[in-house]
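*Asks:* take a look and give me a structure for this.
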Amino acid sequence: MTADNEIEIKEAFQRAQKGHNNKAKLVASLNSRYNKLEDKTLFHEEFVHYLKYAMIVYKREPTVENVMEFVARFATSFQPPPKTEDDGARPEAEKEEEEEEEDDAEDDHPFLSFLFNFLLESHKASSHAVRFRVCQLINKLLGSMAENAQIDDDLFDLIHQAMLVRATDKFPNVRIQAALAMTRLQQPKDPDCPTINAYMLILENDTNAEVRRAVLSCIAMSPRTLPKVLKRTRDIKENVRKLAYQVLAEKVHIKALTIAQRVVLLQQGLHDTSEAVREVVCSRLLPAWMLRLDGNFTELLHRLDVENCAQTALDTLQAIFRGTPTEELLQNRAQLDNRKLVPVDSLSCENVLYWRALCEFIKGKGDDGDEMLEQVLPDAATYADYLYGYLKAVPLLSEEQRADFNQLELVMTKEFISQQLIRLIGCLDTNEEGSRKRVLAVLQEMLALPQTPSSLVSLLTEKLLTLLPDDHRRIQTVAEIISDVRDPIMEASKPVDQNMSRRQQVQLAEVKVRILEAKQTLEDCIAAQDFSRAGELKDSIAELENHRNQILQEVTESSQPSDKEIRAEKSDPETLLRCLIMCAELLKQMSIKTRIGPTISALMSSLVLPSIANAHPAVRNMAVVCLGTCTLHSKELAKTHMVLLLQIAQLDEVKIRISALRAVIDLLLLFGFQLLSESAATQTASQSQSPERQEEDAPAAEDRGDAAEDTAQSILVMLSELLDSEVSDLRSEAAEGLAKLMYTGRISSAKMLSRLVLLWYNPVTEDDTRLRHCLGVFFQLYARESRVHQEVVEEGFLPTVRTLMNAPATSPLAEVDINNVVELLVELTRPSALIKPSANTEEVCVHDYLAVRMCGEMLQDPTAPEVRLYAKTLSNLELSRGETVRKDLQTLLQQLVQVVKDRVCLRALEKMVLQLADAREQAELLSGSALQPLDVNADEAATDDPCKSAKRAKRGQRKVGTAKGGRKPSRRAESSESDGENVPESLAVVRPSRRAKIAALEKTKLDLNTLINQEANVS
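*Replies:* Numbering: from 1, shown residues only. Below is the predicted model of the structure:
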């Protein structure tokens, strides 16, 4: 090859480094030079020679990136251009000739084949920069090829195998490029596609978020890969979750997802902790779904099964409404008639929920939405009549009818529609007195009707109470409704006496005969002109007729007995449950400051307390709820019924026990454990107050105090036992109750905290989402609240570790990673983690006490297996700067160095001694930050170098292991698992000016020309 040709290649590489150069011209020029050559070998070698200068640079320099782009475009320029639609109109002969030429071209790609072979030979290089550039260039080469491009099967297999190996590289950037390079190598229809398998493995197990994002961006959607992509919507990293939702919006049709998958996606996406993720769901996922459903809201709700996830459907509609213009909202309103009502025959679960969501959204606009609300909702009186008509038509099924699934499903649908219609009452304008009275009358009448379903009673009562702002009026209204429901007015009919009826008939017949006889005699007397006798008979006939009329009236009254209205008390389970639901809703809506009056006391004695012994579980449960809520309003009632609630919490069915347990926790949160001592004093008090009597009562008072303390202890023992319950609901309720009591300061127990930590890590509770979430939030809030709480955590440190170390092999706790538990406790007790950390850095902190405790534990048994754990933990502590503490710790550490034999422990302890010995160096290291954790497995040379020790990973940036069944590493911990070269650590500095930034950037730009020219001069 001539010198001119060498200069041509060198010049091409030099010009390719500059972004403003036209790479297409460079590619065409070099391509022309290449085609004129007969022997391509020297060209190949020289081209690769200059390419190597760029491949040894790991940093993403603009010049190197430009060279990589140029190489990819040049290598793929030998391929024929992709076919167009116009090719179909050309003659068959030309097509055959072109196909032959393409086949020859595909068989003869000497440069492309040579470059691929060179890259495949280099992918195992020891330099991570070379491996990175190899994968990057392969990715660019495959991506630059035409859609219909083909490569040799053997080459395909070699590329595939090499990229699968690099997908497991130690460096994340190499794994990213390898994953991107395999994009066009995946075969979604092949159930055993190795690329798909590698992608799914990376999504599940790769610790670097950027690698997971790279795979998400290029993985092909199929029934196998969809569950893995859905799982990434719950990824620990915000960017991964965001990209997962974007991929689902762009690549997955809504019909490809099950109803459960759609609901979970919306539940998690709309309530994600990240604003960016929520924005992607609202701006990308929901519009994509609406587009595929032609903007039909009813169809979207039908895809979500609104009966079982009404709140999720409402949140979804609200999110769509926020991004929709107001005019379009009014055009898409539900199927309203001229009365602004949905016809009863057209009511469905979907359109009634859409109607409710639209009204609530417009109502939420405040005064701006009043005019719009009038277009989608009628006046209150009209709506009340509409609601009354629909609710009255809801059938009440008998036990036999409930066995028919079709009838049951129909009634459940009507009840769901009724619930949505009732909730729409909150959007009505009830400021007008007449409209409000009509709505109140309808609600009261519906609550009193026996055919109103029990599932609607609570909602009806809630809406009724919201329209009555005064507590006294609320109590009177609900008490009257309960009285009408439980003691309805009934008509009592007196049975007809048959004997009396017969006697009356006989008397009537006798009187009629006597009247006939008297009339006959009267006629005879008139004929005989015996007028005096005739006058007497006439008076006698009148009396007999009066008697006859009286008997007829009695007969009529007896045949139509008079009806009397009486009140008959109903005690069937359905009636009691309805009354208790109304009572519970009333107590819930009442102000906590409202005292218990005569009306509530009467309801307690006549309804609530007798129902606690009812045989029906639902009645007992609601009675316990009423009792627990009522005791919150009266301390005297709480003292009286506390023991009863404790008994129920231990003896009844699970649901009822949970209700009683909640009531007990609420009472302790409100009144504290002093309630127990006052209760014990109240039960044995009211004795004579004479001096002699007081002396006699002194021992009794001590006994009462002991009794109260025993009661408090028994409650804690009960809660502790419930933590071991096999029933997950009871276990979660007890854990949540203890967390509330500890956070509010009602109890302070290191033992209980240790139990909660162990419960959180226990693999048995792995599927208990509520328990895990509750405790996870509690630990952070509790420890950050105050130093007193951190001292409780520190006190429970050693008992927790001992329990885990001594756990038998058959115990689930044996699977817990102790290192992970220790790291959690250390993080919780950091002085800098407090909401209001102390400004005095020389003040003795919790970590100082923890260090002394661990040193003492190691001195007791230097050969114990946990000594290595304690030695490693010492280096992660955030110690204070007090001289006294340092001297004490140094003395303890020196004693440990003499007795500990384990080499790893000795190395860690010696590092701690060196740290504590040099006070000045320690002060410099701690300026502006806490004590840096040390890696006990690091090389001694690295730790002895002060420059390297200053660059150690900061707190919260070490790799956290995850035990099987244990807690997953925190987001903060996982963020450190990326490559150190990708995320270099730097000290906080003053932000430079823009001019200084530009100057610094120019200095750091890499120029390959220097290396190339240096090599040319040497040669």
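*Asks:* please make it C-alpha for all contacts and neighbour counts, starting now.
*Replies:* Will do.
*Asks:* all strands for this structure, in order.
*Replies:* For the chain, the strands defined by DSSP state E cover 489-493, 563-567.
*Asks:* tell me the contacts of the residue lying closest to Arg578 once chain neighbours are set aside?
*Replies:* Among residues not flanking Arg578 along the chain, Ser454 sits closest, at 6.1 Å (CA to CA, 6 or more residues apart in numbering). Neighbour list for Ser454: 574, 577-578 [criterion: CA atoms under 8 Å, 6 or more residues apart in numbering].
*Asks:* which of those tops the neighbour count?
*Replies:* Comparing those by number of neighbours (other CA atoms under 10 Å), Arg578 comes first, having 25 neighbours.
*Asks:* for Tyr388, see how far away it is.
*Replies:* Distance of Arg578 to Tyr388, given as CA to CA, to the nearest Å: 19 Å.
*Asks:* and if you look at Ala528?
*Replies:* Counting by CA to CA, the separation of Ala528 from Tyr388 is 79 Å.
*Asks:* then Leu30?
*Replies:* Going from Leu30 to Tyr388 by CA to CA gives 85 Å.
*Asks:* kindly report the same for Arg73.
*Replies:* Distance of Arg73 to Tyr388, computed by CA to CA: 74 Å.
*Asks:* out of those two, which sits in the busier spot?
*Replies:* Between Arg73 and Tyr388, counting by other CA under 10 Å, Arg73 is the more crowded of the two (20 against 17).
*Asks:* next up, the contacts around the more buried one.
*Replies:* Going by CA under 8 Å, 6+ apart, Arg73 touches 27, 141, 144.
*Asks:* do the same with Ala260
*Replies:* Residues counted as contacts of Ala260 (CA under 8 Å, 6+ apart) are Leu304.
*Asks:* next: the one 3 residues further on.
*Replies:* Applying CA under 8 Å, 6+ apart to Val263 gives the contacts 304, 309, 312.
*Asks:* neighbours of the second one, just the number please.
*Replies:* Pointing back at Cys309 there. Counted by other CA under 10 Å, the residues lying close to Cys309 total 14.
*Asks:* leaving out the residues flanking it, which one is nearest to it?
*Replies:* Spatially, and ignoring its direct neighbours in sequence, Cys309 is nearest to Val263 (7.5 Å; CA to CA, 6+ apart).
*Asks:* over to the first one?
*Replies:* Leaving aside its sequence neighbours, Leu304 sits nearest to Ile259 (CA to CA, 6+ apart; 5.7 Å).
*Asks:* which one of the contacts of Arg73 sits closest to Ser748?
*Replies:* Using CA to CA, Leu141 is the member of those that lies nearest Ser748, at 64.7 Å.
*Asks:* can you give me the distance of the closest one to Asn66?
*Replies:* Distance, Leu141 to Asn66, by CA to CA: 14 Å.
*Asks:* how about Lys570?
*Replies:* For Lys570, the distance to Asn66 - CA to CA - is 88 Å.
*Asks:* with neighbour numbers in mind, choose between those two.
*Replies:* Neighbour count, other CA under 10 Å: between Lys570 and Asn66, Asn66 has more, with 20 against 13.
*Asks:* quick one on the thing from earlier: which of the contacts of Arg73 sits closest to Asp337?
*Replies:* Ser144 (59.1 Å).
*Asks:* test my guess that that closest one contacts Thr76.
*Replies:* Yes: using CA atoms under 8 Å, Ser144 is in contact with Thr76, at 6.6 Å.
*Asks:* higher neighbour count, the two?
*Replies:* Neighbours per residue (other CA under 10 Å) separate Ser144 from Thr76, with Thr76 holding more: 20 against 17.
*Asks:* my guess is that one meets Leu141, correct?
*Replies:* Yes: with contact defined as CA under 8 Å, Thr76 reaches Leu141; the gap is 6.7 Å.
*Asks:* C-alpha coordinates for stretch 466-483, PDB please?
*Replies:* Output in PDB follows, covering the C-alpha atoms of stretch 466-483 (Å, rounded to 0.1, in the frame of the first residue of the first chain):
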ATOM      1  CA  THR A 466     -72.900  15.100  56.800                       C
ATOM      2  CA  LEU A 467     -76.100  17.000  56.200                       C
ATOM      3  CA  LEU A 468     -76.600  17.500  60.000                       C
ATOM      4  CA  PRO A 469     -73.700  19.600  61.400                       C
ATOM      5  CA  ASP A 470     -74.800  19.600  65.000                       C
ATOM      6  CA  ASP A 471     -73.900  16.500  67.100                       C
ATOM      7  CA  HIS A 472     -77.000  16.800  69.300                       C
ATOM      8  CA  ARG A 473     -79.300  16.700  66.200                       C
ATOM      9  CA  ARG A 474     -77.300  13.800  64.800                       C
ATOM     10  CA  ILE A 475     -77.800  11.800  67.900                       C
ATOM     11  CA  GLN A 476     -81.500  12.500  68.100                       C
ATOM     12  CA  THR A 477     -82.000  11.700  64.400                       C
ATOM     13  CA  VAL A 478     -80.100   8.400  64.400                       C
ATOM     14  CA  ALA A 479     -81.700   7.300  67.700                       C
ATOM     15  CA  GLU A 480     -85.200   7.900  66.200                       C
ATOM     16  CA  ILE A 481     -84.300   5.900  63.100                       C
ATOM     17  CA  ILE A 482     -82.900   3.000  65.300                       C
ATOM     18  CA  SER A 483     -86.100   3.100  67.300                       C
END
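*Asks:* what sits up against it?
*Replies:* For stretch 466-483, using CA under 8 Å, 6+ apart, the contacting residues are 436, 440, 444, 447-448, 465, 579, 582-583, 586, 590-591, 594, 599-600, 603.
*Asks:* out of those residues, which are buried?
*Replies:* Among the contacts of stretch 466-483, those scoring as buried are 436, 440, 444, 447-448, 465, 579, 582-583, 586, 590, 600, 603 (criterion: 16 or more other CA atoms under 10 Å).
*Asks:* now these in JSON lines, with pLDDT and distance to Leu115?
*Replies:* Formatted as JSON lines, the buried ones among the contacts of stretch 466-483 follow (pLDDT from 0 to 100; distance: CA to CA, whole Å):
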{"residue": "Arg436", "pLDDT": "88", "distance to Leu115": "83"}
{"residue": "Leu440", "pLDDT": "92", "distance to Leu115": "84"}
{"residue": "Gln444", "pLDDT": "92", "distance to Leu115": "85"}
{"residue": "Leu447", "pLDDT": "91", "distance to Leu115": "83"}
{"residue": "Ala448", "pLDDT": "89", "distance to Leu115": "86"}
{"residue": "Leu465", "pLDDT": "92", "distance to Leu115": "80"}
{"residue": "Cys579", "pLDDT": "93", "distance to Leu115": "84"}
{"residue": "Met582", "pLDDT": "94", "distance to Leu115": "81"}
{"residue": "Cys583", "pLDDT": "94", "distance to Leu115": "82"}
{"residue": "Leu586", "pLDDT": "93", "distance to Leu115": "80"}
{"residue": "Met590", "pLDDT": "89", "distance to Leu115": "80"}
{"residue": "Ile600", "pLDDT": "91", "distance to Leu115": "89"}
{"residue": "Leu603", "pLDDT": "91", "distance to Leu115": "90"}
